[in-house]
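Student: Sequence first, predicted coordinates after that:
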Amino acid sequence: MTSNPSWLKLGTRGSPLALVQAEEVRQRLAAAHRRSVGDIALVVVRTSGDLIQDRALAEAGGKGLFTKELDAALIEGRIDFAVHSAKDLPTRLPDAIAIGGYLPREDARDAFIGHSARHLSELPHGVPFGSASLRRQAQVKRLRPDLEVVLLRGNVETRLSRVEGGEIAGTLLALAGLKRLGLAQRVTSILDMTEFLPAVGQGAIAVTLRTGDLTTAVALEPIFDREAGIALAAERAFLTILDGSCRTPIAGHATVAQGRVQLRGMVLRPDGSQAHDVTAGGPQGDAERLGAEAGREILGRLPAGFLEF
């Protein structure tokens, strides 16, 4: 078959992890259609989230900073679909943009990388702990209020080097991203979800496309994973109900087994002083409804003003 680089145009951020994820999508899509990987053009788009490195993203506008430029490229027709870390997707997308689906999900747990300690619980009193995630910061403060939690931005290698150089005592990163980058050997320990709940969508690669673009939707369909879609439907429905502030630490994770979906969600104060969690389960066909009901249940238990920071 003659190579045709313009068959489909894939949009992605330019970070090392984003490029690895985009390449996984290209490989799967090319294999599904028995085409050359070169038939899928890779279009790198710089996003606001990549450019802002000097402050927490919540202070710069929060949700959408890793997606809005890719959304614009889609709407303008410069790309046919975009690849994202699912946890970066805002709960409400522009009307012209839709989530096509998700690749099979990687391990969604958080990984601890320590300079000298083997576990978060073993860090010495008062040492600096770095993270850019409000969710991770809040859960760390809940478990270890004695630590000095500081902002840590930059790509994965930058964060790892600052820990390994002793500048900070430890950090947390998504295990899925480390595995995709071939850096799993740098993990000091893995946090169990019973003690540390991940971000909604963590470990999943999401693909967005133009609403109503049936040609691209049909082309992408073979690479999507049904169970990941069910789990993410529950998680994102939970997040949508609670997502009133980009400064609100929210965690959630769903699993699918034997036709049923099981969800656990949590909302925390940024300082970790309070946390409220909820569990829900039911038929996988009701995933979105169960997620929304779990969100409303926990919302009804939150003190007034809890989500307004």
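Tutor: All right, it came through fine. Numbering: from 1, shown residues only.

Student: quick one: buried residues of stretch 92-100?
Tutor: Buried residues in stretch 92-100, counting neighbours by 16 or more other CB atoms under 10 Å, are found at P94, I97, A98, I99, G100. Bear in mind the C-beta positions are built from the backbone N, C-alpha and C, glycine included.

Student: Now for those: which two are most distant?
Tutor: P94 and G100 (14.7 Å; CB to CB).

Student: one step back: now tell me which of the buried residues of stretch 92-100 the prediction trusts least.
Tutor: Least confident of those in the model: P94, at 93.

Student: any idea how far it lies from H115?
Tutor: 42 Å (CB to CB, to the nearest Å).

Student: Outline the domain layout of the chain.
Tutor: Per the record, the chain has its domains at 1-103+204-224, 110-190, 225-302, by automatic domain parsing.

Student: Work out which residue lies at the spatial centre of the chain.
Tutor: Closest to where the C-alpha atoms of the chain average out (CA atoms, centre = their mean) is K87, at 2.1 Å.

Student: pretty sure that residue contacts I205?
Tutor: No - in this structure, K87 is not within contact of I205 by CB atoms under 8 Å, at 10.3 Å.

Student: Pass me the low-pLDDT residue ranges in this structure, would you?
Tutor: 1-5, 48-65, 244-246, 308-309 (pLDDT under 70).

Student: where do the helices sit along the chain?
Tutor: 16-33, 48-51, 68-75, 134-143, 156-164, 175-180, 214-220, 226-242, 287-301 (DSSP state H).

Student: For the ones you listed, give me a markdown table that also has distance to L123 and mean neighbour count.
Tutor: Shown next, in a markdown table, are the helices of the chain (distance: least, CB to CB, whole Å; neighbours: other CB atoms under 10 Å):
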| stretch | distance to L123 | mean neighbour count |
| --- | --- | --- |
| helix 16-33 | 25 | 18 |
| helix 48-51 | 28 | 16 |
| helix 68-75 | 36 | 20 |
| helix 134-143 | 10 | 23 |
| helix 156-164 | 11 | 16 |
| helix 175-180 | 19 | 21 |
| helix 214-220 | 43 | 15 |
| helix 226-242 | 29 | 23 |
| helix 287-301 | 30 | 19 |
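
Student: can you tell which of those is closest to L268?
Tutor: Closest approach to L268 among these (CB to CB): helix 134-143, 4.1 Å.

Student: Output the contacting helices and strands for the closest one.
Tutor: For helix 134-143, the elements it packs on are strand 148-150, strand 250-257, strand 260-268, strand 275-283, judged by 3 or more CB pairs under 8 Å, 6 or more residues apart in numbering; DSSP states H and E.

Student: so can I have a markdown table of the ones you listed showing distance to L197 and mean neighbour count?
Tutor: Below are these laid out as a markdown table (distance: least, CB to CB, whole Å; neighbours: other CB under 10 Å):
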| stretch | distance to L197 | mean neighbour count |
| --- | --- | --- |
| strand 148-150 | 17 | 15 |
| strand 250-257 | 4 | 22 |
| strand 260-268 | 5 | 22 |
| strand 275-283 | 8 | 15 |
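
Student: right, and those - which one's nearest L178?
Tutor: strand 250-257 (17.7 Å).

Student: Can you tell me which helices and strands the closest one packs against?
Tutor: helix 134-143, helix 226-242, strand 260-268, helix 287-301.

Student: give me that answer again for 7 Å
Tutor: Secondary-structure packing of strand 250-257 (3 or more CB pairs under 7 Å, 6 or more residues apart in numbering; DSSP states H and E): helix 226-242, strand 260-268.

Student: Turn these into CSV, including distance to S121.
Tutor: Listed next are the helices and strands packed on strand 250-257 as CSV, based on distance: least, CB to CB, whole Å:
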stretch, distance to S121
helix 226-242, 27
strand 260-268, 18
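
Student: would JSON lines of the helices and strands packed on helix 134-143 with distance to A132 be doable?
Tutor: Formatted as JSON lines, those follow (distance: least, CB to CB, whole Å):
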{"stretch": "strand 148-150", "distance to A132": "10"}
{"stretch": "strand 250-257", "distance to A132": "15"}
{"stretch": "strand 260-268", "distance to A132": "16"}
{"stretch": "strand 275-283", "distance to A132": "20"}
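
Student: Can you say which of those is nearest to A31?
Tutor: With respect to A31, and counting by CB to CB, the nearest of these is strand 250-257 at 24.4 Å.

Student: All good on my end, thank you.
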